[in-house]
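Engineer: Sequence plus the predicted model coming up.
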Amino acid sequence: MLVIVLENAPPRLRGRLAVWLLEIRAGVYVGNYSVKVRDHIWNQVETGIGEGNAVMAWRSNNEAGFDFVTLGTNRRIPVELDGAKLVSFLP
């Protein structure tokens, strides 16, 4: 399972993601792809995000059962604590 959430993304990027993934809400895309395709999709996000921000989460074999990456400026930042990836809020 793959989930990508975009905020303030250009329409061109949103259209490009809609080719690969199902947009279930505005800016929320889901799909089920291999690691290779997931990396290709994230590369498209990195190239086209502009001033926006994005997060991608996918199923993983770790204690949490998922992993995620973020891109762009956001109040929520990923923090690793004792091997677990958590989310911290900036003031």
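Structural biologist: Arrived safely, thanks for sending.
Engineer: check which helix or strand covers the residue nearest to the spatial centre of the chain.
Structural biologist: Residue closest to the average C-alpha location in the chain (CA atoms, centre = their mean): residue 56, at 1.7 Å. Residue 56 belongs to strand 53-59 when assigned by DSSP states H and E.
Engineer: C-terminal to that strand, what's the next element?
Structural biologist: Toward the C-terminus, strand 53-59 is succeeded by strand 66-71 as the next helix or strand (DSSP H and E).
Engineer: by contact count, what packs against that following strand?
Structural biologist: Contact here means 3 or more CB pairs under 8 Å, 6 or more residues apart in numbering; DSSP states H and E; on that basis strand 66-71 packs against helix 35-48, strand 53-59, strand 76-81. Glycine gets a C-beta too; all of them are placed from N, C-alpha and C.
Engineer: quick revisit: from residue 45, how far out is the residue nearest to the centre of the chain?
Structural biologist: Residue 56 is 7 Å from residue 45, where distance means CB to CB, to the nearest Å.
Engineer: Mind listing the shared neighbours of these two?
Structural biologist: Common neighbours of residue 56 and residue 45 are listed as residue 4 (criterion: CB atoms under 8 Å, 6 or more residues apart in numbering).
Engineer: ok, and the closest non-adjacent residue to residue 12?
Structural biologist: Once flanking residues are discounted, residue 12 sits nearest to residue 48: 6.1 Å by CB to CB, 6 or more residues apart in numbering.
Engineer: What residues does the residue nearest to the centre of the chain make contact with?
Structural biologist: 2, 3, 4, 38, 41, 42, 45, 68, 69, 70 are the contacts of residue 56 under CB under 8 Å, 6+ apart.
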